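[1] this one's sequence-less:
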């Protein structure tokens, strides 16, 4: 899932300066299950900002709503009829949701209420950790299902850096397990550690951010075009 | 947490949350979660510009009437000393209807 965190109330107050009426829009998908932008979080944040702005003497009316998926226009287009009455929208979606709203409603000021952090999942109750950086060329096959791109601070491809401590923790952050220590343990348990002796060539980062904005086109799913000549 | 904040919006100057004694909760750790959430609300109140002391959690059993009265009076004194929040009335706001189904 995409994991996000709410912006500090102070930042949101600054963004809403001068606005009189704002619509806070939550998202019922990733940010709802990481407790950043679901219905309850929209309620708490809206309530807090309403009170904060009233105490400042410049009250902002904040109405609340939520859509199932802010990143797809089919799920947000019904909002179009209602946005005219608002000075701005405060999106509690991830960065994709904010941009989808902004693209769909170019005449409305769309403001981000969340900081989108990473792709990851919960590792214990109340804790989320990064698991994927979307490099575009998955190598989990070679690393026992543990990603050294997202879980090794140095993104090493051929074993640990040498800074792993005796407990198998990373020298960059002692709270973080060394990804390569874990990879070795996992592949040892699977009895495939010999695969680690194969040297991985330098990674082709053109499928990652280095290649610029990425796009997937699925011709099998695109709307068919009628050939006017036939 | 939302309903505690809404209570402030509705005009309350303080909110006292009473849970069972620790280790004696029918919901086992429900009162411990409640304490964490009240503490989070108190942090939010500080960020909003209200005093975090306006939200407090106490642990008390149904058989501790005198203790409850003592804690409630003490809390009332704290809130009286802090004075009104300055929030005059709940600002008009609404929830827009959902297109379909309920989304949590």
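    That came through fine. What you are looking at is a predicted structure, and each value in this text was computed from that prediction instead of being measured.
[2] which parts of the chain are strands?
    Assuming you mean chain A. Secondary structure of chain A by DSSP state E: the strands cover A:2-6, A:21-27, A:61-67, A:88-92, A:110-112, A:114-124, A:127-132.
[3] um, chain B though
    Remark: strands assigned in chain B by DSSP E are B:15-19, B:55-59.
[4] any chance of those strands in a markdown table, plus distance to chain A?
    The C-beta positions use only the backbone N, C-alpha and C, and glycine is treated the same way. As requested, the strands of chain B are exported to a markdown table (distance: least, CB to the nearest CB, whole Å):
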| stretch | distance to chain A |
| --- | --- |
| strand B:15-19 | 13 |
| strand B:55-59 | 12 |
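[5] and among the ones you listed, the most buried is which?
    Neighbour counts (mean count of other CB atoms under 10 Å in any protein chain shown) averaged over each of the strands of chain B peak at strand B:55-59, with a mean of 20.
[6] what strands line up against it, and which way round?
    Using DSSP bridges, the strands paired with strand B:55-59 in its sheet are strand B:15-19 (parallel).
[7] returning to what we had before: tabulate the strands of chain B (TSV), appending mean pLDDT.
    TSV is the format used below for the strands of chain B (pLDDT from 0 to 100):
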stretch	mean pLDDT
strand B:15-19	95
strand B:55-59	96
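[8] using JSON lines, lay out these together with distance to residue A:100.
    Shown next, in JSON lines, are those (distance: least, CB to CB, whole Å):
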{"stretch": "strand B:15-19", "distance to residue A:100": "37"}
{"stretch": "strand B:55-59", "distance to residue A:100": "36"}
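[9] how about those, which one is nearest residue B:27?
    strand B:15-19 (9.4 Å; CB to CB).
[10] so the longest helix seen in chain A, near chain B or not?
    Secondary structure of chain A per DSSP state H: the longest helix is helix A:39-55. Yes - applying CB under 8 Å from any CB of the partner chain, one finds helix A:39-55 in contact with chain B at A:39, A:40, A:43, A:44, A:46, A:47, A:48, A:50, A:51, A:52, A:54, A:55.
[11] still on that earlier bit, closest one to chain B among the strands of chain A?
    Chain B sits nearest to strand A:61-67 of all the strands of chain A, at 3.7 Å, using CB to the nearest CB.
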